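Peer 1: I need the structure of the sequence given here:
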Amino acid sequence: DTPLSFSVTGYNADLPTSGEGQAAQLDNRWSFVTRDSDSSKTILDRKTSTGFDQLGVIYVDLISPDQTKVSISDNIVEIRLRLSTQVNPPCRLAITYPPEFARDSATVREVSTAGDFPRKVDWRFSGNQVQIDSKDEPLRRDVELVLRMTVSNPHISPPDDLNIWRFETLSLNPLSLYNKSDVNYDVPGFKIHGSFRRAEVASRVSSPAVENTVGIWFVLESDLPREDVNPTSYLRIWFPPGFEPVDDSCGLRSFNLEYQRYSVCAAAEGATASFQPPRYVGTDSFFQLTKTFVALPAGSLCESGMDTEKGLMFVELAVDKNLEYGLDYAFQVGAINPPALPPDGQNVFQFETQMAG
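Peer 2: Reported below is the predicted structural model:
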């Protein structure tokens, strides 16, 4: 009477799945036998048990959103998929997507079908699941099924391990021996991101290989919110090749949450100061003199270093308050200029916003 557990490794058999040769499922049985240790190996016990169910696979070839920006209320997502098992009517395709994409109650959610979908289907949303039913025609295998559905983009992408879409087909016939036919429970979803309406830099010293103060001006296209559970937002900027950090604190002598528009150049002590507008790195242009800039929130922290993967210097600011879209934010950091101007195509600064979690 002692329970015995063990594992058997191998490959699943190519057995028919739901709605397809159900009689053959009777062969899906395991036979357990114990034998005596005598020379004839006499059978002592015999038990037959039904094997586990097997399901077909839904092959998802495409999940493509019309909009990849954050905080979009009506985003149309196109999905292209293929079934490995035909599901006879009445039948259903159920798609479950991350709940973050279903939180905007003001969104008018709709579904349209194309490709080899049945000509007449009924659809409905239930939370973060859409159900598409066909009463008269089957969901056919090995053909491309195309649908477009409405979701609402949240203000940040879900983490990769939660940004998963689940697909399954089901027979709605109450007499069907098996309910589910094909499944795919591990389809990565699309990512969304904010964007910059404007991003520019300016330099106070254009000489090579010297410590410099770099002005940074950016305008967000969407808010960078401060989460209550993860109360930190980040702004990271990669410099062109050749730049090096002054220290790990964004250049203490230069760093300021507020951009200092003019540099004061006195020819001698007591002389009248002259004001020179800062220039963009590598050009003779400068920030608009009439522009009013907004400082970063007080308490924001900055660190700098080298990104070992990209081989580029970066600065990263931890911002503990909301950054609003449409405002002209500007601040300044310290950096050591490269010994030579980076080649064309590489003399670019890369801007990115992130949220903790």
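
Peer 1: which SS state does residue 5 fall under?
Peer 2: coil (DSSP: H, G, I helix; E, B strand; the rest coil).

Peer 1: pull the contacting residues for residue 6.
Peer 2: Contact analysis of residue 6 by C-beta atoms under 8 Å, 6 or more residues apart in numbering lists nothing. The way it works is simple: take the backbone N, C-alpha and C, and place the C-beta from them, glycine included.

Peer 1: per-domain residue ranges of the protein.
Peer 2: Per the TED database, the domain ranges recorded for the chain read 56-188, 196-263+286-355.

Peer 1: now render these as JSON lines, adding mean pLDDT, distance to residue 37 and mean neighbour count.
Peer 2: As requested, the domains of the chain are exported to JSON lines (pLDDT from 0 to 100; distance: least, C-beta to C-beta, whole Å; neighbours: other C-beta atoms under 10 Å):
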{"stretch": "domain 56-188", "mean pLDDT": "92", "distance to residue 37": "41", "mean neighbour count": "17"}
{"stretch": "domain 196-263+286-355", "mean pLDDT": "90", "distance to residue 37": "61", "mean neighbour count": "16"}
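
Peer 1: those into TSV, with extra columns for distance to residue 40?
Peer 2: TSV is the format used below for the domains of the chain (distance: least, C-beta to C-beta, whole Å):
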stretch	distance to residue 40
domain 56-188	40
domain 196-263+286-355	67
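
Peer 1: what packs against the strand or helix carrying residue 59?
Peer 2: Element membership of residue 59, judged by DSSP states H and E, is strand 56-65. Contacts defined by 3 or more C-beta pairs under 8 Å, 6 or more residues apart in numbering; DSSP states H and E place strand 56-65 against strand 75-83, strand 164-171, strand 180-188.

Peer 1: could you give the angle of the first one to strand 56-65?
Peer 2: Angular relation of strand 75-83 and strand 56-65 on a 0 to 180 degree scale: 160 degrees, by axes from the mean of the first three to the mean of the last three C-alpha atoms, to 10 degrees.

Peer 1: contacts for strand 75-83, please.
Peer 2: By C-beta under 8 Å, 6+ apart, strand 75-83 touches 56, 58-67, 95, 101, 115, 139-153, 167, 169, 181-182, 190.

Peer 1: repeat that for the second one.
Peer 2: Outside of strand 164-171, the residues within contact range by C-beta under 8 Å, 6+ apart are 18-19, 58, 60, 63, 81, 83, 85, 87-88, 90-98, 139, 178-189.

Peer 1: which neighbours does it have in its sheet, and in what orientation?
Peer 2: strand 91-96 (antiparallel), strand 180-188 (antiparallel) (DSSP bridges).

Peer 1: of all the ones you listed, which one is nearest residue 300?
Peer 2: strand 180-188 (33.1 Å; C-beta to C-beta).

Peer 1: strands along the stretch 101-250 of the chain, start to end?
Peer 2: Using DSSP state E, counting those that start in this stretch, the strands found in the stretch 101-250 of the chain span residues 111-115, 122-126, 129-134, 145-151, 164-171, 180-188, 196-203, 211-220, 233-238.

Peer 1: next, the angle strand 164-171 makes with the third one.
Peer 2: Same thing as strand 129-134. Going by the same axes, to 10 degrees, strand 129-134 makes 30 degrees with strand 164-171.

Peer 1: and if you look at the fourth one?
Peer 2: With the same axes, to 10 degrees as the basis, strand 145-151 and strand 164-171 are set at 130 degrees to each other.

Peer 1: which residues are contacting strand 145-151?
Peer 2: 65, 74-83, 93, 95, 97, 101-102, 107-117, 130, 132, 139.

Peer 1: between that strand and strand 122-126, how many degrees?
Peer 2: 40 degrees.

Peer 1: how far does stretch 165-180 stretch from one end to the other?
Peer 2: The first and last residues of stretch 165-180 sit 17 Å apart, counting by C-alpha to C-alpha, to the nearest Å.

Peer 1: roughly how far out does that stretch sit from the chain middle?
Peer 2: 30 Å (C-alpha atoms, centre = their mean, to the nearest Å).

Peer 1: likewise for stretch 333-346?
Peer 2: 31 Å.

Peer 1: and it, end to end?
Peer 2: 20 Å.

Peer 1: likewise for stretch 141-160?
Peer 2: For stretch 141-160, the end-to-end distance is 30 Å (C-alpha to C-alpha).

Peer 1: end to end on stretch 118-129, go ahead and measure it.
Peer 2: 20 Å.

Peer 1: what does that stretch rub up against?
Peer 2: Under C-beta under 8 Å, 6+ apart, the answer for stretch 118-129 is 89, 94-99, 101-102, 109, 111, 113, 130-139.

Peer 1: for the helices and strands packed on strand 56-65, which one sits closest to residue 295?
Peer 2: Among the helices and strands packed on strand 56-65, the nearest to residue 295 by C-beta to C-beta is strand 75-83 (33.7 Å).

Peer 1: quick one: strands adjacent to that closest one?
Peer 2: According to DSSP bridges, strand 75-83 has these partners: strand 56-65 (antiparallel), strand 145-151 (antiparallel).

Peer 1: name all residues that make contact with residue 248.
Peer 2: So residue 248 contacts 303-305 (C-beta under 8 Å, 6+ apart).
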